[in-house]
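Asks: All I have is the shape, not the residue letters:
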């Protein structure tokens, strides 16, 4: 019996037809029709489920391929430096170890020796005799670091302040060299030495950018601690910026400005050693420590030393530009006391107690026509304030540079031009 020859039949009375099927005569032919309808529905359901999946897979494959082709070149591009610096590549401990290993050969110990009078006693057949003889002895030590392949070394001026002393350089590998002082900065506590050697295989340290420093940044200090422990490493953070201190030692007292404050341990003998960031770049020159507190040390920003280094390389000396005025920086207090129109600028005044002239004869200031009582408001468009003093601005320039000054004279603003001279020391 074929499928199409099914006989008619009736559903039992107790199972009445659904209302929507009551009008359909349930012959074998009609059952076959419903069977086909059910199969069609199944197919539609299957298609509705699987076709979107198929289309989605195809679309994803095409899109992925297109995206890969479009970005393939970019994947090989280097990560921008500003982003790369924010990605923690290694732990701080690993970074410190890596930096210490990389720079150890570039940090040196400086030993100071000098002929000193020494009392000696001789026993001449039980008759003691005292004599005074000159004997070369070590009288001090400090730290420094190599800044050129031919052996230039940067350190503090107070480390090499004795012009009658001899200086020796000791590297971490145990090499010893004599050294000569090329230049001492007359204002900043910096000096440049040169290793006396024909070798040009010295490894200079990489100088960073101290203007990018932020409080809380990790730093590393390295130096000849206490004059006994060479290449001592201490770790800390930048505790503050722009500090001003009065430092003394070895019979020298200096006012130091714009210093980096750090809690990395800086001990006697560390003077002149480098302060580094975690990339191994020098961002400061260690210069002083507080004796009345723990872990308060100071470093000169490396950007303040870069100009000295370049001058020594180019001219063999450190020179300063000279304007030739005696002045006081105006504040709100001085404005009120003197009845001035402005609360900023440099007021040109003479020294009542010292007898110093307000304008130096023959100087750039005199040639430009500056007078006592003038207020210098701007120096080459830089506003002069207590935070941006005239001395600080002038140090950015060289002797022979032409500059423009905005001045206030008799309640009127004027502009004058001057050619900076060279300061004599």
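Replies: Structure's in. What do you need? Fair warning: this is a prediction, and the values are worked out from it, not measured in the lab.
Asks: Against residue 143, how distant is residue 244?
Replies: As judged by CB to CB, to the nearest Å, residue 244 and residue 143 stand 23 Å apart. Placement of C-beta: from N, CA and C, glycine included.
Asks: who has more neighbours, these two?
Replies: Legend: neighbour count by other CB atoms under 10 Å for residue 244 and residue 143, higher for residue 143 (30 against 10).
Asks: Now the more buried one: which helix or strand?
Replies: Using DSSP states H and E, residue 143 sits in strand 127-146.
Asks: Can you mark which positions in that strand are buried?
Replies: Of the residues in strand 127-146, those buried by neighbour count under the rule 16 or more other CB atoms under 10 Å are 140-146.
Asks: before we move on, what about stretch 245-265?
Replies: Counting neighbours by 16+ other CB under 10 Å, one finds that the buried residues in stretch 245-265 are 247, 254, 256-257, 259-265.
Asks: Just put those residues in TSV and tack on pLDDT, secondary structure and distance to residue 215.
Replies: Shown next, in TSV, are those (pLDDT from 0 to 100; DSSP: H, G, I helix; E, B strand; the rest coil; distance: CB to CB, whole Å):
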residue	pLDDT	secondary structure	distance to residue 215
247	78	strand	21
254	79	strand	24
256	86	strand	19
257	84	strand	18
259	94	strand	13
260	95	strand	10
261	95	strand	9
262	95	strand	10
263	93	coil	11
264	92	coil	14
265	88	coil	18
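Asks: coming back round to it: what lines up beside the very next helix or strand once past the strand holding residue 143 in the sheet?
Replies: Proceeding N to C from strand 127-146, the next assigned helix or strand is strand 152-155, under DSSP H and E. Here strand 152-155 has these sheet partners by DSSP bridges: strand 127-146 (antiparallel), strand 191-195 (antiparallel).
Asks: which stretch among those strands comes nearest residue 275?
Replies: Residue 275 lies closest, by CB to CB, to one member of the strands paired with strand 152-155: strand 127-146, at 10.2 Å.
Asks: Give the rounded mean pLDDT of that closest one.
Replies: For strand 127-146, mean pLDDT rounds to 82.
Asks: Equivalent analysis for stretch 370-381, please.
Replies: The predicted model assigns stretch 370-381 a mean pLDDT of 95.
Asks: buried set for that stretch?
Replies: Within stretch 370-381, the residues that count as buried by 16+ other CB under 10 Å are 370, 374-379.
Asks: Can you get me the start-to-end distance on that stretch?
Replies: Stretch 370-381 has an end-to-end distance of 17 Å (CA to CA, to the nearest Å).
Asks: Give me the contact list for it.
Replies: 325, 327, 330, 340, 342, 344-350, 358-359, 383-384, 390, 393-394, 403-409, 413, 416, 418 (CB atoms under 8 Å, 6 or more residues apart in numbering).
Asks: can you check stretch 165-178 too?
Replies: Stretch 165-178 has contacts (CB under 8 Å, 6+ apart) with 104-105, 107-114, 136, 139, 144, 151, 153, 160, 179-181, 193, 195-197, 230-231.
Asks: Centre of the chain to that stretch, how far?
Replies: 28 Å (CA atoms, centre = their mean, to the nearest Å).
Asks: Equivalent analysis for stretch 211-228, please.
Replies: Centre-to-centre, stretch 211-228 and its host chain are 11 Å apart (CA atoms, centre = their mean).
Asks: avg pLDDT for that stretch?
Replies: Per-residue scores along stretch 211-228 average to 89.
Asks: Could you give me the buried positions within it?
Replies: Neighbour-count burial for stretch 211-228, counted by 16+ other CB under 10 Å, picks out 213, 217, 219-225, 227.
Asks: give me the low-pLDDT residue ranges for the stretch 251-400 of the chain?
Replies: 251 (pLDDT under 70).
Asks: Okay, domains of this protein per the record?
Replies: Annotated domains of the chain cover 1-67, 102-195, 210-307, 321-422 [automatic domain parsing].
Asks: gap between the two ends of the third one?
Replies: Read it as domain 210-307. Distance between the two ends of domain 210-307: 13 Å, counting by CA to CA.
Asks: Also the last one?
Replies: Using CA to CA, the gap from the first to the last residue of domain 321-422 comes to 5 Å.
Asks: Residue 406 is in contact with residue 418, isn't it?
Replies: No. Counting by CB atoms under 8 Å, residue 406 does not reach residue 418; the two are 11.9 Å apart.
Asks: Quick check: which of the domains of the chain is nearest to residue 201?
Replies: The nearest among the domains of the chain, by CB to CB, is domain 102-195 at 7.0 Å.
Asks: Adding distance to residue 185 and secondary structure, write the buried residues of stretch 211-228 out as TSV.
Replies: TSV is the format used below for the buried residues of stretch 211-228 (distance: CB to CB, whole Å; DSSP: H, G, I helix; E, B strand; the rest coil):
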residue	distance to residue 185	secondary structure
213	21	coil
217	26	coil
219	23	strand
220	24	strand
221	21	strand
222	22	strand
223	19	strand
224	21	strand
225	24	strand
227	23	coil
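Asks: which one is residue 264 nearest to, not counting chain neighbours?
Replies: Spatial nearest neighbour of residue 264, chain neighbours left out: residue 236 (3.1 Å); criterion: CB to CB, 6 or more residues apart in numbering.
Asks: Quick one: residues contacting the one you found.
Replies: Residues near residue 236 by CB under 8 Å, 6+ apart: 218-219, 221, 262-265, 295.
Asks: go with 10 Å
Replies: Each residue near residue 236 by CB atoms under 10 Å, 6 or more residues apart in numbering is listed here: 217-221, 262-266, 275, 295, 297.
Asks: Residue 302 contacts residue 154, correct?
Replies: Yes. Assessed by CB atoms under 10 Å, residue 302 is found in contact with residue 154 at 8.9 Å.
Asks: Common neighbours of the two, please.
Replies: Joint contacts of residue 302 and residue 154 (CB under 10 Å, 6+ apart) are 205, 207, 274, 282, 285, 309.
Asks: what's the spacing between the third one and residue 179?
Replies: Okay, so that is residue 274. Taken as CB to CB, the span from residue 274 to residue 179 is 17 Å.
Asks: How about the last one?
Replies: Applying CB to CB, the value for residue 309 to residue 179 is 16 Å.
Asks: And the two? Which one has more around it.
Replies: Counted by other CB under 10 Å, residue 309 and residue 179 do not tie: residue 179 has more neighbours, with 23 against 19.
Asks: Can you measure across stretch 351-364, start residue to end residue?
Replies: One end of stretch 351-364 to the other measures 19 Å (CA to CA).
Asks: Over to stretch 403-422?
Replies: 14 Å.
Asks: coming back round to it: mark which of the contacts of stretch 370-381 are buried, thanks.
Replies: Buried among the contacts of stretch 370-381 (16+ other CB under 10 Å): 325, 327, 330, 340, 344-349, 358-359, 384, 390, 393-394, 403, 405-408, 416, 418.
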